[in-house]
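Enquirer: Below are the sequence and a predicted model; questions follow.
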Amino acid sequence: MRFSCLLLFAAIGSANAIIKYTLKNEKICDSRGKKPVIKLENKEKSALRLTDGSLFVENDLSDFRCTFDIRPPSRDNVSIAIQTLSLRRDPDTNLCIDYVQFKNLRTMKPTLSPKYCGDLSAFRVATKSDSPFQSYKGDVTVDIHVAGSAPNFGKELKIDIVFTVSKECFRKAEHYSRCGSTSTCIWDGLFSDGMINCPFDGCLDENTCWNSEKAGSVGADNNMYPETNPPFSIAISIFVYTVILFLVFAIGATIVCAIRDGMQQRSTEVPTAPPLEATACPSEDAEEGPPPYYSLFPELFEPAPCIPEATPLVHGTRENV
């Protein structure tokens, strides 16, 4: 019971930490035609939730236009998640009668989002053509337009958008955590706050976060990839490590065996006796003695050839003639 209460208080604290505005607020929609700049900061002031505040019901769909800027801290991004959007679309032309559009014009590569209308929700898995997510580097201009003269088509108009400061995780900001297995990080207090802050399909309040290759930037493919399962990843790593160790051991054992076999082969070779020097053939009149050593082991020794002794010349005397 006590643990459940702590979780409830934590969720309430997180929900109260986010900045909340409605379209009725002059800080967002200036009636004098000025373009307000909303500065987001870090941690508790890193997210803004914008709702219609029942404006369209009370004003009976009078023509409405609102433009403002969202400015994140330096080097950070603005991640946009359309929680709920219900705006009119012409049934004949399929063009937007009412729309929300985002512009990022103060960068080296200015970008302009499509006009959002119809029915969108960050809690539904989206496709590339109707993704409720965007992510921009630097300032973002938000343009909201609702036509007052168009027919209602029986639709209740709703706008609920969350703007969140996101950081690249390699900067290692304190109290910031990853959106799933992506490189995008948001403040820890935005997890389990009842809203979607990460600009990726499948991030159901950041607890079961899938990731895509890129955040929903204009023209990016919002393909979904399941978040890596940590136990499965550990098992794969252990398996690969085991295979590598086995291969190293097998190669090392093969080398050691080859060296050992070579040494044994050299140690078992019968040493070859050096060739015998040529000796003189025994004369027939030589005195009998013990047989030579090599004649006892003829299979090991090849007798050296003998050189017959030269017959000495007998010098006779010449007769005197």
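Expert: Now that the structure is in, tell me what you want to look at.

Enquirer: For this structure, which residues score under the pLDDT cut-off?
Expert: 1-17, 58-61, 125-130, 202, 207-238, 241, 265-321 (pLDDT under 70).

Enquirer: domains of it?
Expert: According to automatic domain parsing, the chain comprises the domains 9-227, 229-260.

Enquirer: Need the ones you listed in a markdown table (columns: mean neighbour count).
Expert: Every residue, glycine included, has its C-beta placed from N, CA and C. Converted to a markdown table, the domains of the chain look like this (neighbours: other Cβ atoms under 10 Å):
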| stretch | mean neighbour count |
| --- | --- |
| domain 9-227 | 17 |
| domain 229-260 | 10 |
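
Enquirer: Between the two ends of stretch 33-49, what distance do you get?
Expert: Stretch 33-49 has its terminal residues 22 Å apart, counting by Cα to Cα, to the nearest Å.

Enquirer: And the contacts of that stretch?
Expert: 17-21, 27-30, 67-73, 78, 83, 141, 160-165, 173, 175, 186-187, 189-190, 195, 197 (Cβ atoms under 8 Å, 6 or more residues apart in numbering).

Enquirer: switch to 7 Å and redo it
Expert: For stretch 33-49, the surrounding residues in contact (Cβ atoms under 7 Å, 6 or more residues apart in numbering) are 17-21, 27-28, 30, 67-73, 162-165, 175, 187, 189-190, 195, 197.

Enquirer: Just the ones of those residues in strands?
Expert: Counting by DSSP state E, these place 19-21, 67-71, 162-165, 187 in strands.

Enquirer: which ones are touching the residue lying closest to Tyr116 once chain neighbours are set aside?
Expert: Closest residue in space to Tyr116, ignoring its immediate chain neighbours: Val100 at 4.6 Å, by Cβ to Cβ, 6 or more residues apart in numbering. Going by Cβ under 7 Å, 6+ apart, Val100 touches Leu85, Tyr116, Ile144, Ile159.

Enquirer: Could you say whether Ser79 sits in a helix, a strand or coil?
Expert: Ser79 carries the three-state label strand when classified by DSSP: H, G, I helix; E, B strand; the rest coil.

Enquirer: My guess is it contacts Thr164. True?
Expert: Yes - at 4.6 Å, Ser79 counts as touching Thr164 under the criterion of Cβ atoms under 7 Å.

Enquirer: Check the contact lists of these two and give me the overlap.
Expert: Asn197.

Enquirer: that older thread, in strands only, show me the contacts of Val100.
Expert: Leu85, Ile144, Ile159.

Enquirer: any chance you could map the strands in the stretch 1-150 of the chain?
Expert: 19-22, 37-39, 47-51, 64-71, 77-87, 99-104, 111-112, 118-121, 133-137, 140-146 (DSSP state E, counting those that start in this stretch).

Enquirer: tilt between the fourth one and strand 99-104?
Expert: Between strand 64-71 and strand 99-104, the angle comes out at 30 degrees (axes from the mean of the first three to the mean of the last three Cα atoms, to 10 degrees).

Enquirer: Strand partners (parallel or antiparallel) of strand 64-71?
Expert: strand 37-39 (parallel), strand 140-146 (antiparallel) (DSSP bridges).

Enquirer: Could you list the residues in contact with that strand?
Expert: Contact partners of strand 64-71, identified using Cβ under 7 Å, 6+ apart, comprise 23, 28-29, 35-40, 48, 78, 139-146, 148, 163.

Enquirer: Out of the contacts of Val100, which is nearest to Ser62?
Expert: The closest of the contacts of Val100 to Ser62 turns out to be Ile144 (Cβ to Cβ; 13.8 Å).

Enquirer: On the strand side of things, show who the closest one bridges to.
Expert: On the basis of DSSP bridges, Ile144 is bridged to Cys66, Val100.
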